[in-house]
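A.B. asks: Predicted model follows, preceded by the sequence.
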Amino acid sequence: MAVERTVMITNPEGLHARPSGSVVAIALEYQSDLKIHCGGRSVNGRSILELITLGATCGSELHLSAEGPDAEELVGALVKLVEAGFSEPA
């Protein structure tokens, strides 16, 4: 069963290398597969390069979709990360 959530990027720099690395680091802590959708594109949430290619800026919506035994926990952790602005200065 897939777990899906949509969250808005609030940090001014968007989904650049450092936040993408944070997403991947979290994704690798879980067994579930992760896809991230933005602007009509879908990428592997475990690939920093694919995440960067989304070009997601401040105000963009990310649709998170995870499937696997710990999908709920994975999506929850990523929602917290994005809502916290990837822990970057505003």
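C.D. replies: Cool, the structure landed.
A.B. asks: and Asp4, what are its bridge partners?
C.D. replies: Residue 4: Glu, not Asp. Counting by DSSP bridges, Glu4 is bridged to Ser65.
A.B. asks: wait, isn't it in contact with His63?
C.D. replies: Yes: Glu4 is within contact range of His63, at 6.7 Å (criterion: C-beta atoms under 8 Å). Every C-beta, even on glycine, is put in place using the N, C-alpha and C of the backbone.
A.B. asks: check contacts around Leu34.
C.D. replies: 27, 44-46, 64-66, 74, 78 (C-beta atoms under 8 Å, 6 or more residues apart in numbering).
A.B. asks: With Asp33 instead?
C.D. replies: Asp33 is in contact with 66-68, counting by C-beta under 8 Å, 6+ apart.
A.B. asks: Show me the shaky parts of this structure.
C.D. replies: Applying pLDDT under 70 to the chain flags residues 88-90.
A.B. asks: quick one, strands of it?
C.D. replies: Remark: strands assigned in the chain by DSSP state E are 2-8, 33-38, 41-44, 61-67.
A.B. asks: Out of these, flag the one nearest Leu54.
C.D. replies: strand 33-38 (4.6 Å; C-beta to C-beta).
A.B. asks: How far off centre is that closest one?
C.D. replies: Strand 33-38 sits 7 Å away from the centroid of its parent chain (C-alpha atoms, centre = their mean, to the nearest Å).
A.B. asks: Same question for stretch 15-26.
C.D. replies: Here stretch 15-26 is found 8 Å from its chain centre; the criterion is C-alpha atoms, centre = their mean.
A.B. asks: I'd like the distance between the residue lying closest to Leu74 once chain neighbours are set aside and Ala77.
C.D. replies: Nearest non-adjacent residue to Leu74, counting by C-beta to C-beta, 6 or more residues apart in numbering: Tyr30, 4.1 Å away. Distance, Tyr30 to Ala77, using C-beta to C-beta, to the nearest Å: 8 Å.
A.B. asks: and stretch 24-34, how far out from the chain's middle?
C.D. replies: The answer for stretch 24-34 is 10 Å, by C-alpha atoms, centre = their mean.
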